[in-house]
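Student: Turn this into a model:
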Amino acid sequence: MLKILLVDDQELIRAGLKQLLQAGLGKITIGEGRNAAEALTHVQQQQWDLAITDVTLPGRSGLDLLTEFRNVCPRMPVLVLSVLSEDEIAVRVLKAGAAGFVHKETSGEELVNAVKKVLAGGKYISQSLAEKLAMQIASPLADDPHKKLSDREYLVLTMLSSGKTLTQIAKILSLSIKTISTYRSRVLQKMHLANNAELTRYALKHGLVE
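Tutor: Numbers count the residues shown, from 1 in each chain. As a prediction, this is how the structure comes out:
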């Protein structure tokens, strides 16, 4: 029987995904993890045909989890599901070893198709992202400042730009407010920006948030 591991800190999201996958794939075994630690426990205890994980997990992020998955179960494909803009985060997760990226606002049918493609050994990105990547290859530009950020710094950038406070981000990532403040300072410094308002304008201009 097909075994799929779902990793998301929101119970409603996991329940919705479970329903979609069972409707689209038939009888399957579903495992659930609320964070990276629970996900790693699952993969250490048994084998899975596929893992579907969010990026913004509490504590270690989904990007960190991808690295751990490669070490513990390198043959298990991982599909990343996120509300973050696909333009940049998709490239990051693919470089980190993901077999595909799906935006959380995609249709249930597209999600099931993505799962089927990844299970068959393929890679999955949306048609819109494929077109954007093709355009970038055809007309290469100098790297934008945000592309030089670390994965954690990039997550903080996207959350700040979407209006979240330091306290909210600290809670989501299970880090201290002081640590998030340090990440914010690094982001502003690396991108040569003065404040959150400039950061938000930059993110909107480059399609990093919606």
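
Student: What is the three-state secondary structure of the most centrally placed residue in the chain?
Tutor: In the chain, the centroid-proximal residue (Cα atoms, centre = their mean) is residue 55; its distance is 3.0 Å. Assigned by DSSP: H, G, I helix; E, B strand; the rest coil, the conformation of residue 55 is coil.

Student: Name the residues of stretch 163-182 that are buried.
Tutor: By neighbour count on 16 or more other Cβ atoms under 10 Å, the buried set for stretch 163-182 is 164, 166, 169, 170, 172, 173, 175, 180. Where you see a C-beta, it was placed from the backbone N, CA and C, and this is true even at glycine.

Student: what sits against the third one?
Tutor: In this structure, residue 169 makes contact with 156, 159, 160, 175, 180, judged by Cβ atoms under 8 Å, 6 or more residues apart in numbering.

Student: pretty sure it is in a helix, no?
Tutor: Yes. Secondary structure assignment (three-state DSSP) places residue 169 inside a helix.

Student: Per-residue confidence, it, what does it come out as?
Tutor: Looking at residue 169, its pLDDT is 89.

Student: And it, how far from residue 183?
Tutor: Here the distance between residue 169 and residue 183 works out to 8 Å (Cβ to Cβ, to the nearest Å).

Student: can you list residues touching both of these two?
Tutor: Each of residue 156 lies in contact with both residue 169 and residue 183 under the rule Cβ under 8 Å, 6+ apart.

Student: Give me the next element, helix or strand, following the helix-or-strand element of the chain with minimal mean pLDDT.
Tutor: Across the helices and strands of the chain, mean pLDDT, DSSP states H and E gives its lowest value to helix 127-138, namely a mean of 67. In the C-terminal direction, the helix or strand that comes right after helix 127-138 (DSSP states H and E) is helix 151-161.

Student: Can you list the buried residues in stretch 199-210?
Tutor: Within stretch 199-210, the residues that count as buried by 16+ other Cβ under 10 Å are 199, 200, 202, 203, 206, 208, 209.

Student: and of those residues, the nearest to residue 76?
Tutor: residue 208 (29.1 Å; Cβ to Cβ).

Student: Is residue 105 in a helix, a strand, or coil?
Tutor: coil.
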